[in-house]
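Enquirer: Dropping a prediction and its sequence here:
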Amino acid sequence: MNEPTEFKYPLDENGEPYFAGSHINAIQGMEEYKEEVDRKISSVQGSGDTNNTALKALEKRMNELIGDTGWIDFQVASSYKKNQGVSGGFNCGIREIRVGTIVIKSIRLNLGKVNNNEQVAQLPAGFITKTQTFIARSNSNDNGVQFSARDDGKVYGYVNKADQSLSGDRWVYYEHTWLE
């Protein structure tokens, strides 16, 4: 029994060995194995819907955990010359990027005119959850313009008192990013 088994292969009409095939139904005693194999194949094929559902649920969960809205346009009062602060620059927009529980938010302002203590823009409800303040780049002879993006979505601009008497065409070009 410890000696290797020698396999005999049938020869074709040219004397070359070949592997003879058969069907499972042609082998005696294989019926019970065939039924078991058929059951397992049916089980695997039937679980395709389950796998599909699981994959869709996983994809949905991943989209909840990781996401990027891309830059979304928002309303700016018409007198503020939207997207005209720096020609050829970025447009006004907001963006939210989610990675797990980390939320990164950004706002871009490109305005051709900003007045003191006026509402500049209205962001979509829920985008700002806690008021954000920042000082944005402005005309080269200005100290910059302070902005307040409030939790109700209103964005106000405040011009430094020393700069209020300067140019009435005060432009702003700035991107502010924060974590929530």
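Expert: Structure's in. What do you need? Residues are numbered from 1 along each chain as shown.
Enquirer: alpha carbons only for contacts and neighbour counts from here, please
Expert: OK.
Enquirer: Show me the helices in this protein, by range?
Expert: Ranges of helices within the chain are 31-65, based on DSSP state H.
Enquirer: Distance check, Gly93 against Thr177.
Expert: Between Gly93 and Thr177 the computed distance is 12 Å (C-alpha to C-alpha, to the nearest Å).
Enquirer: the more surrounded of these two?
Expert: Neighbour totals were compared for Gly93 and Thr177, and Gly93 leads with 19 against 14 (other C-alpha atoms under 10 Å).
Enquirer: show me the contacts for that one.
Expert: 71-74, 107-109 (C-alpha atoms under 8 Å, 6 or more residues apart in numbering).
Enquirer: Likewise for Thr133?
Expert: Thr133 sits in contact with 146-149, where contact means C-alpha under 8 Å, 6+ apart.
Enquirer: How far does stretch 63-74 sit from its chain's centre?
Expert: 6 Å (C-alpha atoms, centre = their mean, to the nearest Å).
Enquirer: model confidence over it, on average?
Expert: For stretch 63-74, mean pLDDT rounds to 88.
Enquirer: thinking again about what came up before, out of the contacts of Thr133, which is most surrounded?
Expert: With neighbours taken as other C-alpha under 10 Å, the top of those is Ala149, carrying 24 neighbours.
Enquirer: check contacts around that one.
Expert: 128, 131-133, 155-156.
Enquirer: residue ranges with poor pLDDT in this protein?
Expert: Applying pLDDT under 70 to the chain flags the ranges 1-2, 4-5, 7, 22-25, 27-31, 33, 44-50, 140, 167-168.
Enquirer: which residue ranges form the strands in it?
Expert: Using DSSP state E, the strands found in the chain span residues 66-68, 75-76, 93-99, 102-111, 118-122, 132-136, 145-149, 154-159, 172-179.
Enquirer: mind checking which of those strands is nearest Asn52?
Expert: strand 66-68 (20.7 Å; C-alpha to C-alpha).
Enquirer: Show me what the closest one is packed against.
Expert: Applying 3 or more C-alpha pairs under 8 Å, 6 or more residues apart in numbering; DSSP states H and E, we find strand 66-68 packed against strand 93-99.
Enquirer: tilt between the strand it packs on and helix 31-65?
Expert: 140 degrees (axes from the mean of the first three to the mean of the last three C-alpha atoms, to 10 degrees).
Enquirer: heads up, I number from 228, so please use that
Expert: Sounds good: first residue 228 from here, last item strand 320-326.
Enquirer: still on that earlier bit, residues shared between the contacts of Gly320 and Thr404?
Expert: Common neighbours of Gly320 and Thr404, using C-alpha under 8 Å, 6+ apart, are Ile334.
Enquirer: rewinding a little: and which of the contacts of Thr360 is nearest Tyr245?
Expert: Ala376 (80.1 Å).
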